[in-house]
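Engineer: need a structure here:
(one chain, ligands or ions: 1)
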Amino acid sequence: MNTLISLEGIIAVAAALFTLGYIWSCGVFPYKACRSCRGQGIFRSAIFGAIRLCRRCDGTGRVLRFGRRLYNRWTRVRRAIRADRQRDRRDDHR
Ligand SMILES: [Zn+2]
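Structural biologist: Below you'll find the predicted structure:
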């Protein structure tokens, strides 16, 4: 019984640390290499060496990580809510 509680505690602490680490790393390293072009940003033709930009990353070779995409979406929603409230407040003054 006692070991089960400590095991759960260890798992909970490990999960919390992992989550905090992931959040931190998404703040410091928001991008990852594009999977389609493997971070190159271009595709090369085998015949004449012509290049084509990757459509998935628009030729940058990098895409936002999942956690950062979530954070950006949340920020946009929060900003929209705040702008909405301010507009309501301005309407009240008239
Ligand atoms: Zn790409």
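
Engineer: Quick check: residues of the protein near the ion?
Structural biologist: Cys34, Ser36, Cys37, Cys54, Arg56, Cys57 (C-beta under 5 Å from the ion). (Glycine included, C-beta is placed from N, CA and C.)

Engineer: right, and the fifth one touches Val63 too?
Structural biologist: In this case it means Arg56. Yes - judged on C-beta atoms under 8 Å, Arg56 makes contact with Val63 at a distance of 6.9 Å.

Engineer: Where does the prediction get shaky in the protein?
Structural biologist: 1-2, 4, 93-94 (pLDDT under 70).

Engineer: The residue nearest to the spatial centre of it: what's it in contact with?
Structural biologist: With distances taken as C-alpha atoms, centre = their mean, Arg68 lies nearest the centre of the chain, 1.8 Å away. The contact partners of Arg68, by C-beta atoms under 8 Å, 6 or more residues apart in numbering, come to Cys26, Gly27, Pro30, Tyr31.

Engineer: Quick check on the residues you listed: which are buried?
Structural biologist: Cys26, Pro30 (16 or more other C-beta atoms under 10 Å).

Engineer: Helices along the protein, start to end?
Structural biologist: Along the chain, counting by DSSP state H, helices occupy 2-28, 66-93.

Engineer: TSV for these, including distance to Arg44?
Structural biologist: Output for the helices of the chain, formatted as TSV (distance: least, C-beta to C-beta, whole Å):
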stretch	distance to Arg44
helix 2-28	31
helix 66-93	28
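
Engineer: Out of the ones you listed, flag the one nearest Ser45.
Structural biologist: Proximity to Ser45 (C-beta to C-beta) singles out helix 66-93 among the helices of the chain, at 31.4 Å.

Engineer: Please identify the buried residues of the closest one?
Structural biologist: Those would be Gly67, Arg68, Tyr71, for helix 66-93 by 16+ other C-beta under 10 Å.

Engineer: repeat for stretch 47-66
Structural biologist: Those would be Cys54, Cys57, Gly59, Gly61, Val63, Arg65, for stretch 47-66 by 16+ other C-beta under 10 Å.

Engineer: isn't the first one right next to Arg35, touching?
Structural biologist: Just to be clear, that refers to Cys54. No - with contact defined as C-beta under 8 Å, Cys54 does not count as touching Arg35 (9.9 Å).
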